[in-house]
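Novice: Okay, predicted coordinates and the sequence, questions at the end:
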Amino acid sequence: MPNPPLITIITPSFNQAGFIRQTIESVIGQDYPRVEYLIFDGGSTDGSVEIIRSYENRVTTWVSRKDRGQSDAINQGLRQAQGEIVGWLNSDDYLLPGALATVARHFGENPQSKWAIGACELLHDRNPPHAIRHAPENLSLKNILAWWPDYWFCQQATFWRRSLLDEAGFLDESLDLLMDCELWLRFFAVQPPTRIPQTLAGYRYHKAAKTIAATNEPVLEGIKVLRKIRAAKAGELLAVYREESVDSLLQLCDRLAARKFKARNLSTRELIAECGRRMVQAPEKLLRRRR
């Protein structure tokens, strides 16, 4: 490829000594000539820093210092990124060989595309991959709002032009689990993504992973995102989802009911309060959609 674009990969890390070596090697081992690799460690104490340091001559930048969480670490990288194309890779995941060459070729063949989603292999802990997750087809305002769990796609295989951040903004650092989902909503409001059929990355499930260890927090953050949508003013990117946000709230209700949470549970109290506020604001609309 003549004049290949610079691609920036950002890895946030905290105490992932068991996996980060594979993550780093999957990036620096790419058969692609122009990679900027930034690693932001949150002050790990499990040996991760020593592993990262052993690669310091092969990565562009790395730091280890206390941060405000994963979203803050990623935003630090996004603000420093010089690449035309950007993505982040968590320190327990990995890129497949040839992934970045495939990404660069896709954006070169689709110059109008501002962001793109590839396929991702799924694996549990250190076991072999057991499934491939492809980007959903025909995404719409309604179903991307139901990103988790119905229309989810893998952040590890999602890449965008750096210029899209100027339109959509950075990660919301008040979110710790659904920060990618909320970012995709803003991206989609600018432009729907294109799809890359090839498998680009690996997404690892393990017992210490945030999304596995979390119980009620994703629901709480889902409510927080919906509140942010309802508060969005006309002309703001998230405002385009306001009409669909009621249905999403009802889906959260169904999900909590299926789990049979106890009344003293914080998620339930939060949800009841939010449902009550919605019923007061637009009872006819809620009841009509519920039938």
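Specialist: Nice, I can see it.

Novice: right, and Ser174 touches Lys224 too?
Specialist: Yes: applying CB atoms under 8 Å, one finds Ser174 in contact with Lys224, separated by 7.4 Å. In this view, the C-beta of every residue, glycine as well, is placed from N, C-alpha and C.

Novice: quick one, which of these two is more surrounded?
Specialist: Remark: of Ser174 and Lys224, Lys224 carries more neighbours, 17 against 13, as counted by other CB atoms under 10 Å.

Novice: Any stretches of this protein with poor pLDDT?
Specialist: Residues of the chain meeting the criterion pLDDT under 70: 148-149, 206-216, 246-291.

Novice: all strands of it, in order?
Specialist: 7-13, 35-41, 61-64, 85-88, 94-95, 115-124, 131-133, 158-161, 194-205 (DSSP state E).

Novice: Need these in TSV (columns: distance to Cys181 and mean neighbour count).
Specialist: As requested, the strands of the chain are exported to TSV (distance: least, CB to CB, whole Å; neighbours: other CB atoms under 10 Å):
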stretch	distance to Cys181	mean neighbour count
strand 7-13	17	25
strand 35-41	21	23
strand 61-64	27	16
strand 85-88	14	24
strand 94-95	21	24
strand 115-124	13	20
strand 131-133	15	12
strand 158-161	11	24
strand 194-205	15	20
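
Novice: Using CSV, lay out those together with distance to Lys142.
Specialist: Shown next, in CSV, are those (distance: least, CB to CB, whole Å):
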stretch, distance to Lys142
strand 7-13, 30
strand 35-41, 35
strand 61-64, 40
strand 85-88, 26
strand 94-95, 31
strand 115-124, 18
strand 131-133, 20
strand 158-161, 20
strand 194-205, 18
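
Novice: closest to Leu238 out of the ones you listed?
Specialist: Nearest to Leu238 among the strands of the chain is strand 115-124; the distance by CB to CB comes to 16.7 Å.

Novice: Can you give the strand pairings for the closest one, parallel or anti for each?
Specialist: Using DSSP bridges, the strands paired with strand 115-124 in its sheet are strand 131-133 (antiparallel), strand 158-161 (antiparallel), strand 194-205 (parallel).

Novice: what's the closest of those strands to Asn110?
Specialist: Of all those, strand 194-205 comes closest under CB to CB, at 5.4 Å.

Novice: Just give me how far that closest one sits from the chain centre.
Specialist: When distances are taken as CA atoms, centre = their mean, to the nearest Å, strand 194-205 is centred 13 Å away from the chain's centroid.

Novice: cool, stretch 177-192 as well?
Specialist: 8 Å.

Novice: Other residues contacting it?
Specialist: With contacts defined as CB atoms under 8 Å, 6 or more residues apart in numbering, stretch 177-192 is touched by 70-71, 74, 113-115, 139, 141, 144-145, 147-148, 152, 155, 158, 160, 164, 167-169, 171-173, 175, 193, 210-211, 214, 217-218, 221-222, 224-225, 228-229, 237-238, 240-241.

Novice: make it 7 Å
Specialist: 71, 114-115, 139, 144-145, 147-148, 155, 160, 164, 167-169, 171-172, 175, 210-211, 214, 217-218, 221-222, 225, 237-238, 240-241 (CB atoms under 7 Å, 6 or more residues apart in numbering).

Novice: got it, and stretch 55-74?
Specialist: 10, 12, 24, 28, 36-44, 49, 52, 88, 171-173, 175-176, 179.

Novice: which ones are touching Arg204?
Specialist: Here Arg204 is in contact with Phe19, Asp92, Asp93, Leu123 (criterion: CB under 7 Å, 6+ apart).

Novice: Buried ones in stretch 55-69, by neighbour count?
Specialist: Neighbour-count burial for stretch 55-69 flags Tyr55, Val59, Thr60, Trp62, Ser64, Asp67, Gly69 (criterion: 16 or more other CB atoms under 10 Å).
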